[in-house]
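Chemist: got a predicted structure plus its sequence, pasted below:
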Amino acid sequence: MKKLCMGILLTLCMSLTLLLTTVFSAELAAPAPTETTYKLYDAIENGWYSIRLGTIATDYGGLAVAVGNDTFIHIDAAGDAVLRTGDRDTTFYVEKKRVVDLNWHEITIKMADGRYLGIVGEIDDRAMYRVGTNPVYRATPNGDILGEFPPSTILEVTELKGDWAKVQYEGKAYYMWAARLTKVNVGSARVAAVNQPYLWQIDLRLDQFASVMRPAENSKMMVMPTEKNYPDGAKVGLSELIPGIRNITFEDWSRPISNTEMAGLFASAFSALEYYYPEESPVKWTNERINTPALDAINKCYGWRVFTNPNMDWSANPTYGEFTSYLMKLMDYNKSKSSSRFSAFTKDTIRSFAISGDTSENAKITWEQAATLQLKTIQWAEAEIVRIGEKSQIGDRVAGRLMAVPENLTSSVKSFMQSPTPTPTPTKTVTATPTNTKFMLNNAEVALPAYSIDGNNYVKLRDVGALLQTRFDVRWEDGKAKLYNHATYTKISGELAVIGKESKSATLSTTDFVWGETGTVVTGLTAYTIGGNNYIKLRDIAKLFDFDVDWRDGKAWIEPNMSPYTED
């Protein structure tokens, strides 16, 4: 029976992979670069991420579980990149730069202290190998043995053909058995902190969970640990680009999950425990509103009586209280179907898991919290199976299990986890009314001139830059507004000038906004011209430069140290 279930799951995963490739083939067509202009592909999102270097598996809706390497890139005291097991607290600011081709995209990776992740030392992309035992060589394949290389000799391999390797030694070409060779890196290049922006290229594909990362200056190489099997403490260096190896994921563990992702976490928890309850849902919910690989997980959660509301908003973010309430229903259903001897799964059980972060009822639950709850619940259920004397089949797997991993940094992947909200087309001419909104910055009220348009606060980009001082800069050059992220603002004149109390006519701006470092067009901004100045929605500015704006106590709180930006 177990083999049959595993076969069904394998078939399902293969089907979902084919479905994704078909459904999203149009989204894969990134714009082709020209000699002078590169358009940014919207699959890349700027933001702070933990960078996992290691291979992982995937489950429901792209949730990564089970076998893999729980190792993350960390910068040690000497400035070198090393692997640290479970060190998700080290985050890097990933900023998109340009599209290279259909799959490859260029980014920079900035550290919290202002340095960048880059390469130190010389990159040597030659295929270098160390000889092993019995390293005899010949003039031709299958020819007579001419001699034997000294022990541990390092050779350049110029050709691999079947069982034979063509090697260079002291200016001459020889052949030897390829099985006698071990790949080595001879260059001095290592991944480390550098002072200037360094361009990396990442391979983003919608049918793949993980990526591969290579230096833009040498596309033959890829980021790899200097030791086998991704051990804790290994230094991070470069290796020859290996086809089929995808070992980089960019993970945001602080972001809130969606209701769709919550269903995936619950379904994969039962899958891990090898519980298969093919219940038909008694709730007639409108599943036409969602067309995702998580549809099966959602149907199961209705069948298990976890969800009862037929009109759930699948893109909404559940609170900690909602998630834990549903989790208790999930385990109650498990008890009713498996064994009445199972202990009750209660709020006290959840408290014993000691979940970190904001665990108040109304707080939005984060990936870190939800994944930890999933793991702790699986371990709790496994312990219950052992306690009541039933034969356990998953002990070893649970002991080595990774928590569910958040999606990669592709917004297109997220689009099949959440129903995207279409962007409304702005009206060309509207009325702008001075707002009475009180703005707070660093726990103090600030005077930020703003107009209200369609219920949203619109402010001058330069006014926000002047208030935040070091978040971004705006420069008018070549007839364009050039934006520089993570830069000190350059004052001109007229910042934070009083706007008066009269309403004014606002028209859509024709100003070109571009990124100053790359010249690429800035997307996601709607600007109105009021009295000769550009006004932009405050939340769009926060989203663009990755800080938060929160509405509480009847005030707009600008929080430059809170990242990433979240929708209220």
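Modeler: On my side now, so go ahead.
Chemist: CA atoms for contacts and neighbours, from now on please.
Modeler: Fine.
Chemist: show me where the stretch 1-150 of the chain has its strands.
Modeler: Along the stretch 1-150 of the chain, counting by DSSP state E, counting those that start in this stretch, strands occupy 47-53, 71-75, 81-85, 92-99, 104-110, 116-120, 128-131, 136-138, 145-148.
Chemist: now distance to E156, mean neighbour count and mean pLDDT too, for these, in CSV please.
Modeler: Converted to CSV, the strands of the stretch 1-150 of the chain look like this (distance: least, CA to CA, whole Å; neighbours: other CA atoms under 10 Å; pLDDT from 0 to 100):
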stretch, distance to E156, mean neighbour count, mean pLDDT
strand 47-53, 27, 24, 92
strand 71-75, 30, 25, 95
strand 81-85, 27, 22, 95
strand 92-99, 33, 22, 87
strand 104-110, 29, 22, 91
strand 116-120, 23, 21, 95
strand 128-131, 4, 20, 81
strand 136-138, 14, 20, 91
strand 145-148, 16, 12, 91
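Chemist: save these as CSV, and put in distance to G465 too.
Modeler: Listed next are these as CSV, based on distance: least, CA to CA, whole Å:
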stretch, distance to G465
strand 47-53, 19
strand 71-75, 30
strand 81-85, 33
strand 92-99, 19
strand 104-110, 20
strand 116-120, 23
strand 128-131, 51
strand 136-138, 67
strand 145-148, 68
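Chemist: V157 is nearest to which of those?
Modeler: strand 128-131 (6.1 Å; CA to CA).
Chemist: what lies in contact with that closest one?
Modeler: For strand 128-131, contacts defined as CA atoms under 8 Å, 6 or more residues apart in numbering pick out 149, 151-157, 180-186.
Chemist: one step back: which one of the strands of the stretch 1-150 of the chain lies closest to N259?
Modeler: Shortest distance between N259 and the strands of the stretch 1-150 of the chain, using CA to CA, is found for strand 47-53: 22.0 Å.
Chemist: just checking, what packs against the closest one?
Modeler: Other elements packing on strand 47-53 under the criterion 3 or more CA pairs under 8 Å, 6 or more residues apart in numbering; DSSP states H and E are strand 71-75, strand 92-99, strand 248-251.
Chemist: list of residues touching that strand?
Modeler: Residues outside strand 47-53 that contact it (CA under 8 Å, 6+ apart): 69-73, 83, 88-95, 224, 230, 247-253, 546, 563-564.
Chemist: ok and that strand relative to strand 81-85, angle-wise?
Modeler: Here strand 47-53 points in a direction 80 degrees away from that of strand 81-85 (axes from the mean of the first three to the mean of the last three CA atoms, to 10 degrees).
Chemist: tell me which helix or strand in this protein has the weakest average pLDDT.
Modeler: Lowest mean confidence among the helices and strands of the chain (mean pLDDT, DSSP states H and E): helix 2-23, at a mean of 36.
Chemist: buried residues of stretch 157-175, list them for me.
Modeler: V157, W164, A165, K166, V167, Q168, A173, Y174, Y175 (16 or more other CA atoms under 10 Å).
Chemist: from S239, how far out is the first one?
Modeler: As judged by CA to CA, to the nearest Å, V157 and S239 stand 15 Å apart.
Chemist: start and end of stretch 234-242, how far apart?
Modeler: By CA to CA, one end of stretch 234-242 lies 19 Å from the other end.
Chemist: same check, this time on stretch 83-93
Modeler: The straight-line separation of the ends of stretch 83-93 (CA to CA) is 18 Å.
Chemist: contacts for it, please.
Modeler: 46-51, 53, 70-74, 108-112, 225, 230-236, 253.
Chemist: doesn't K329 belong to a helix?
Modeler: Yes - assessed with DSSP: H, G, I helix; E, B strand; the rest coil, K329 lies in a helix.
Chemist: grab the nearest non-local neighbour of it.
Modeler: Nearest residue to K329 in three dimensions, chain neighbours excluded: V306, at 5.4 Å (CA to CA, 6 or more residues apart in numbering).
Chemist: and that neighbour, what pLDDT?
Modeler: Listed pLDDT for V306 reads 92.
Chemist: residues contacting it?
Modeler: Y326, L327, K329, L330.
Chemist: would the first one count as being in a helix?
Modeler: Yes - read with three-state DSSP, Y326 is one of the residues of a helix.
Chemist: G118 contacts A189, correct?
Modeler: No - between G118 and A189 there is no contact under CA atoms under 8 Å: 9.9 Å.
Chemist: where do the helices of this protein begin and end?
Modeler: 2-23, 259-272, 295-303, 320-337, 347-352, 367-387, 395-399, 411-414, 461-468, 538-545 (DSSP state H).
Chemist: most tightly surrounded among these?
Modeler: helix 259-272 (a mean of 24; mean count of other CA atoms under 10 Å).
Chemist: which strands and helices sit next to that helix?
Modeler: helix 295-303, helix 320-337, helix 367-387.
Chemist: could you redo these as TSV and give each row distance to L441 and mean pLDDT?
Modeler: As requested, the helices and strands packed on helix 259-272 are exported to TSV (distance: least, CA to CA, whole Å; pLDDT from 0 to 100):
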stretch	distance to L441	mean pLDDT
helix 295-303	41	84
helix 320-337	28	92
helix 367-387	28	89
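Chemist: wait, which of these is closest to I530?
Modeler: Per CA to CA, nearest to I530 of the helices and strands packed on helix 259-272: helix 367-387, 41.1 Å.
Chemist: poorly predicted segments of the stretch 151-300 of the chain, please.
Modeler: 184-187, 206-207, 274-293 (pLDDT under 70).
Chemist: not counting sequence-adjacent ones, nearest residue to K376?
Modeler: Nearest in space to K376, with sequence neighbours left out and distances taken as CA to CA, 6+ apart, is F353 at 6.5 Å.
Chemist: give me the neighbour count for that neighbour.
Modeler: 14 (other CA atoms under 10 Å).
Chemist: tell me how far it lies from V136.
Modeler: Taking CA to CA, one finds F353 at 59 Å from V136.
Chemist: and L468, by the same measure?
Modeler: Distance from L468 to V136, by CA to CA: 67 Å.
Chemist: cool, T55 as well?
Modeler: 36 Å.
Chemist: residue contacts, the residue located most distally from the centre of the chain?
Modeler: Residue farthest from the centre of the chain, counting by CA atoms, centre = their mean, is D144 at 54.5 Å. With contact set as CA under 8 Å, 6+ apart, D144 has these partners: R138.
Chemist: mind putting the helices and strands packed on helix 259-272 in JSON lines, distance to T349 included?
Modeler: Below are the helices and strands packed on helix 259-272 laid out as JSON lines (distance: least, CA to CA, whole Å):
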{"stretch": "helix 295-303", "distance to T349": "21"}
{"stretch": "helix 320-337", "distance to T349": "10"}
{"stretch": "helix 367-387", "distance to T349": "9"}
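Chemist: of all those helices, which lies closest to T140?
Modeler: Across those, closest to T140 is helix 367-387 (CA to CA), at 56.8 Å.
Chemist: how far away is the residue lying closest to R190 once chain neighbours are set aside from V191?
Modeler: Spatially, and ignoring its direct neighbours in sequence, R190 is nearest to G237 (4.3 Å; CA to CA, 6+ apart). To V191, G237 is 5 Å away according to CA to CA.
Chemist: joint contacts of those two?
Modeler: V223.
Chemist: so what's the residue count around the closest residue to I245 other than its chain neighbours?
Modeler: Nearest-residue entry for I245: V212, 7.2 Å, with adjacent residues in sequence omitted and distances by CA to CA, 6+ apart. By other CA under 10 Å, 22 other residues sit near V212.
Chemist: check contacts around V212.
Modeler: Taking CA under 8 Å, 6+ apart as the test, what V212 contacts is I202, D203, M222, V223, I245, R246, N247, I248.
Chemist: dump the residue contacts of the residue nearest to R190.
Modeler: By CA under 8 Å, 6+ apart, G237 lies in contact with A189, R190, V191, V223, M224, P225, T226.
Chemist: what are the bridge partners for it, then?
Modeler: Taking DSSP bridges, one obtains M224 as the residues bridged to G237.
Chemist: one step back: can you redo the helices of the chain as JSON lines with distance to W515?
Modeler: Shown next, in JSON lines, are the helices of the chain (distance: least, CA to CA, whole Å):
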{"stretch": "helix 2-23", "distance to W515": "32"}
{"stretch": "helix 259-272", "distance to W515": "33"}
{"stretch": "helix 295-303", "distance to W515": "39"}
{"stretch": "helix 320-337", "distance to W515": "38"}
{"stretch": "helix 347-352", "distance to W515": "47"}
{"stretch": "helix 367-387", "distance to W515": "31"}
{"stretch": "helix 395-399", "distance to W515": "47"}
{"stretch": "helix 411-414", "distance to W515": "20"}
{"stretch": "helix 461-468", "distance to W515": "14"}
{"stretch": "helix 538-545", "distance to W515": "11"}
